[in-house]
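Novice: structure, please.
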Amino acid sequence: MGERLPIRIEETAFERHYTPKQLADLWLLHESTIRRLFLDEPGVLKYGNSFPRSGRREYVTLRIPESVARRVYARKSR
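Specialist: Predicted coordinates:
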């Protein structure tokens with residue numbers, strides 16, 4: 001797969017951040033596809049319970065910086 005370069009937080013802190021739904025609408029993809037693409041991508045902000053108690057589902061909110069979205073788009077469109 002493509003090379004993943006480390007992201008410095010100070011480079012993405014003040015740029016526009018997208019929700020998976022916003023990117024899904026822009027790219028004409030399903031929101032679950034966007035979540036899968038970005039869940040383990042460096043630079044994506046993840047909020048929520050990544051270690052749920054037994055019997056409860058995992059829920060993580062993603063916020064995707066514009067530069068990360070551009071990087072993934074370029075990598076996938078090659």
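
Novice: pLDDT on the longest strand belonging to the chain, on average?
Specialist: If you go by DSSP state E, the chain has its longest strand at strand 59-65. Averaged across strand 59-65, pLDDT comes to 93.

Novice: what's it packed up against?
Specialist: strand 17-18, helix 20-27, helix 31-38, strand 45-49 (3 or more C-beta pairs under 8 Å, 6 or more residues apart in numbering; DSSP states H and E). (C-beta placed from N, C-alpha, C; glycine too.)

Novice: packed most tightly, which of those would that be?
Specialist: Among the helices and strands packed on strand 59-65, the stretch with the highest mean neighbour count (mean count of other C-beta atoms under 10 Å) is strand 17-18, at a mean of 18.

Novice: could you list the low-pLDDT ranges of this structure?
Specialist: Counting by pLDDT under 70, the chain has low-confidence residues at 1-10, 50-52.

Novice: centre-most residue in it?
Specialist: residue 38 (3.3 Å; C-alpha atoms, centre = their mean).

Novice: quick one: the longest strand of the chain to chain centroid distance?
Specialist: What separates the centre of strand 59-65 from the centre of its chain is 6 Å, taken as C-alpha atoms, centre = their mean, to the nearest Å.

Novice: in it, what's buried?
Specialist: 62, 63, 64, 65 (16 or more other C-beta atoms under 10 Å).

Novice: and what of stretch 64-78?
Specialist: Using 16+ other C-beta under 10 Å as the test for burial, stretch 64-78 gives 64, 65, 68, 69, 71, 72.

Novice: spatially nearest residue to the second one, not counting backbone neighbours?
Specialist: Counting by C-beta to C-beta, 6 or more residues apart in numbering, the nearest residue to residue 65 once its immediate chain neighbours are dropped is residue 12, at 3.9 Å.
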